[in-house]
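Student: A structural model of the following input is requested.
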Amino acid sequence: MRSTPEIEGLLRELAPQALAALVRRFGDFGACEDAVQEALLAAAQRWPDEGVPERPRGWLIAVAAHKLVDWRRRESARRGKEAAAAGFVAAQAVRVPGPEDDEPPDRDDTLALLFLCCHPALARPAQVALTLRAVGGLTTPEIAAAFLVPEATMAQRIVRAKQRIRSTGMPFATPAADQRAARLAAVLKVLYLIFNEGYTASSGPALQRSDLTGEAIRLARQLHRLLPDEGEAAGLLALMLLTEARRDARTRDGALVPLLDQDRTRWDATMIREGTALVEAALRTAPVGPYQVQAAISAVHAEAAGAGDTDWSQVLALYQLLDSIAPSPVVTLNRAVAIAMVHGPRAGLELLDDLAGEPRLAAGHRLSAVRAHLLEMNKEYAEAQEQYRRAARTTTSLPERNYLLARASRVAHTQIAPPGVGGAIGGSADQIDWDLSM
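Tutor: Alright, predicted model coming up:
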C-alpha cells in the first residue's frame, strides 16, 4: 500500500489529466474543475485505506463524471425538467471503468488543457493564473500568495477566465498546424513568466519564491514529455534547470549575491548536468530558438570553474545570436554587459545609449542598474552612484533595492578612498545577475 505522501503526489500528477478528460467530454470548465476536486477529495479519503485502484486516472475521471452528471440532473430536476435530465443521464452516464471502457491508457489531454489555459483570447495574467490553477493544481490562495495579490482579486481573475472560455466557446483541442507555433510560443511564455516571477520576485521582501520556480519546472517537464521533439520546450526546461541550479548561492542572509560573486560549490550539479544535456541535444536536433540560446548562455556560466574562467566571447556571440532571432531591449541590455566584459565598459555604455528612450525600460530599474555597473567598471564613480540610487528608487524588490543602495554606498566610499585603497572591482567580479531577465 502506498503512503499518503505518495498518494498525494500521484493525485497531483493525475489531476490535470482528469480535468482535461472531463473538459474534452463535457465542455464546462468551471463545473468540470469542481467535479475533479470532489473526486480528488474522495480519493484522498479512500485510497490510503482501500489501496490505489488499478486504473487510478480512470477512477478519478469516472467519479468526477458521475458527480458532474448528478449535479446536472439535480439542476434540471430543480427547474422541473426531469425528462430532459433523464435523457441527459441516459446519454452521458459513466460507469466505474472496467477493462472494456476505461480511458485509453496512453491518452493524455494535458497538452490540450495547457493550450486552452494559454489561449490568446485570455489576458496574460489570466493565462498564468489559470495554468497554475488547472494544470499546476495550486489553490487560489496559494496563487494569490505567490503573486502578492489579495485572494479575492486572484479568485475573480480565475473566474473571469473560465467565464470567457465558456462564453467564447474556445475549442478544447491542440491547435491546427498553421496555428501551432504561435500557440506553443504562448504556452512557453506563460511557463517562462511563472519561473521568472519565482526566481526574481518582482515585489515584496523575498528575492525568490521556490514554490513558483518548482512548479514552473514541473510544468515544463510535462510539456517536454508531451512534446519531446520540440526544441524550444527542451530549451525552456534546460534554461529553468540551469538557472534554478544557482538558487542556493543567490542569497546570503537574505541579501542578493550577483552571479559572478556566487559560491559555485553551492550550485546544484545534478540540475546543471541535466540542463546542459537537454540544451546540447536540442541544439543538435531542432531549429534554434530563443530559449535554447538562453539555456546555452546559462550553460557557459555553469561550465566555468570560477568567475574569472567565464568565456565572455562565447557569451557575447550567443547574445548576438539571440538578438538576431528574438530582438528585444532586454536582450540588448544583456548584450551590453557581455560587450563590456569583452571590449571594455565604454563599449558597453555606448550600446546602452541606444536604449535611453526605450519605453519598455524607462519605468524599471534594470537600465539604470546596468549603466551604474558599467560606469563603476569605467571608474566614473559619481555617475555610477547616481545611477545605482536611481535604480534603487524604481525597483519594487526589497532585496534588489538593498543591494543597489549598498553598491551606491560602496561607490561613494571609493570616491573618497586614498590611492590604492578601495576602488571598484572591475571586469567579471561584479556582474549583476541579469541573465534570465528577458
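
Student: The host helix or strand of residue 408 packs against which elements?
Tutor: Using DSSP states H and E, residue 408 maps to helix 398-416. Counting contacts by 3 or more C-beta pairs under 8 Å, 6 or more residues apart in numbering; DSSP states H and E, helix 398-416 packs against strand 255-256, helix 366-377, helix 381-394. For every residue, glycine as well, the C-beta is placed using N, CA and C.

Student: for the second one, packing partners?
Tutor: Of the remaining helices and strands, those touching helix 366-377 by 3+ C-beta pairs under 8 Å, 6+ apart are helix 329-343, helix 345-353, helix 381-394, helix 398-416.

Student: Leaving out chain neighbours, which residue sits closest to residue 332?
Tutor: residue 355 (6.0 Å; C-beta to C-beta, 6 or more residues apart in numbering).

Student: Number of residues surrounding that neighbour?
Tutor: 19 (other C-beta atoms under 10 Å).

Student: any idea how far it lies from residue 394?
Tutor: Going from residue 355 to residue 394 by C-beta to C-beta, to the nearest Å gives 15 Å.

Student: Name all residues that make contact with residue 115.
Tutor: Shown in contact with residue 115 (C-beta atoms under 8 Å, 6 or more residues apart in numbering): 173-175, 183, 187.

Student: helix or strand for it, which one?
Tutor: helix 110-117.

Student: Which elements pack onto the next helix or strand after that helix?
Tutor: Note on helix 110-117: by DSSP H and E, the next helix or strand toward the C-terminus is helix 124-130. Helices and strands in packing contact with helix 124-130 are listed as helix 151-168, helix 177-199; criterion 3+ C-beta pairs under 8 Å, 6+ apart.

Student: What residues sit buried inside helix 124-130?
Tutor: Buried positions in helix 124-130, judged by neighbour count with 16 or more other C-beta atoms under 10 Å: 126-130.

Student: Next, count neighbours for residue 310.
Tutor: Look at residue 310: counted by other C-beta under 10 Å, it has 20 neighbours.

Student: that older thread, next, the angle helix 151-168 makes with the helix holding residue 115.
Tutor: Angle between the axes of helix 110-117 and helix 151-168 is 100 degrees (criterion: axes from the mean of the first three to the mean of the last three C-alpha atoms, to 10 degrees).

Student: so which of the buried residues of helix 124-130 would you say is closest to residue 200?
Tutor: residue 128 (15.7 Å; C-beta to C-beta).

Student: which residues in the stretch 201-350 of the chain form strands?
Tutor: Counting by DSSP state E, counting those that start in this stretch, the stretch 201-350 of the chain has strands at residues 251-252, 255-256.

Student: need the contact list for the closest residue to residue 111 other than its chain neighbours.
Tutor: If the residues on either side of it in the chain are set aside, residue 111 comes closest to residue 226, at 4.6 Å by C-beta to C-beta, 6+ apart. Residues in contact with residue 226 (C-beta under 8 Å, 6+ apart) are 108, 110-111.

Student: and if you look at residue 351?
Tutor: 332, 335-336, 339.

Student: try 10 Å this time
Tutor: 332-333, 335-340, 343, 374 (C-beta atoms under 10 Å, 6 or more residues apart in numbering).

Student: which among the residues you listed gets closest to residue 273?
Tutor: residue 338 (24.7 Å).

Student: Wait, the closest one touches residue 318, no?
Tutor: Yes: counting by C-beta atoms under 10 Å, residue 338 does reach residue 318; the two are 8.3 Å apart.

Student: Please enumerate the shared neighbours of those two.
Tutor: Common contact partners of residue 338 and residue 318 (C-beta under 10 Å, 6+ apart): residue 297.

Student: my guess is residue 403 contacts residue 256, does it?
Tutor: Yes: shown here, residue 403 and residue 256 form a contact pair, counting by C-beta under 10 Å, at 4.2 Å.

Student: Show me the domain layout of this structure.
Tutor: 4-103, 206-310, 318-438 (automatic domain parsing).

Student: Adding distance to residue 140 and mean pLDDT, write those domains out as a markdown table.
Tutor: Formatted as a markdown table, these follow (distance: least, C-beta to C-beta, whole Å; pLDDT from 0 to 100):
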| stretch | distance to residue 140 | mean pLDDT |
| --- | --- | --- |
| domain 4-103 | 11 | 79 |
| domain 206-310 | 14 | 92 |
| domain 318-438 | 23 | 81 |
